[in-house]
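Visitor: what's the 3D shape of this:
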Amino acid sequence: MPEFKILIVGAGLGGLSLAQSLSRAGIACEIFERDNAPFDRPQGYRLHLDGDAINAAREVLTPELWRLFEQTSQWTEPYTTILGTDLSVIKRLPTQDDLGDVWPATEASARHANVDRATLRQILLAGLENRIHFAKAIDRYESSDQGVTAHFSDGTSVTGDMLVGADGIRSTVRR
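Guide: Next up, the predicted model:
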């Protein structure tokens, strides 16, 4: 039986998370990114991850990459703190997570994480080096009985069984 292959357009945090998850499940995938290299376009500095995001990261990353994620994250308490002009605590507003337990599952309060976006992207890129193609801006795609073919602005094309648009707010795939 031929191998099922998923084409992912976009190598941001969402596309790379999907690729990590598919790889762990043994499903073939290729990622196509319009930028020329992983860090061509700065996209912000730090991200706040709630329990749902932390749980998702733990699910998609290999144990080795999860340990790296833990080591490079700043672990915070799950609330927003409002400070006075003298930096005294005026109020703390608890954060509610939708999916229950957050790592680590203990009697202690659930923790959140602050991560460096570039570091997280580097972690998500690990192990995908042979599956990612840079300088591949998608122009269009066509569906047929044989699958879906993505056509790129450099004149190349690739066929797979499924196409996933993780190419951001101005998604060519979604359009």
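
Visitor: If you average the pLDDT over stretch 35-44, what comes out?
Guide: Model confidence over stretch 35-44, given as mean pLDDT, is 83.

Visitor: scratch that, stretch 90-101
Guide: 65.

Visitor: How many residues are close by the closest residue to Ala135 other than its chain neighbours?
Guide: Among residues not flanking Ala135 along the chain, Asn36 sits closest, at 4.9 Å (C-beta to C-beta, 6 or more residues apart in numbering). Where you see a C-beta, it was placed from the backbone N, CA and C, and this is true even at glycine. For Asn36, the count of nearby residues is 11 (other C-beta atoms under 10 Å).

Visitor: Regarding Asn36, what is its secondary structure?
Guide: coil (DSSP: H, G, I helix; E, B strand; the rest coil).

Visitor: Can we start the residue count at 31 from this point?
Guide: With the count now opening at 31, the last piece we talked about shows up as Asn66.

Visitor: Now do it against Asp116, distance only.
Guide: Distance of Asn66 to Asp116, computed by C-beta to C-beta, to the nearest Å: 48 Å.

Visitor: Tell me which helix or strand in the chain has the weakest average pLDDT.
Guide: strand 109-113 (a mean of 78; mean pLDDT, DSSP states H and E).
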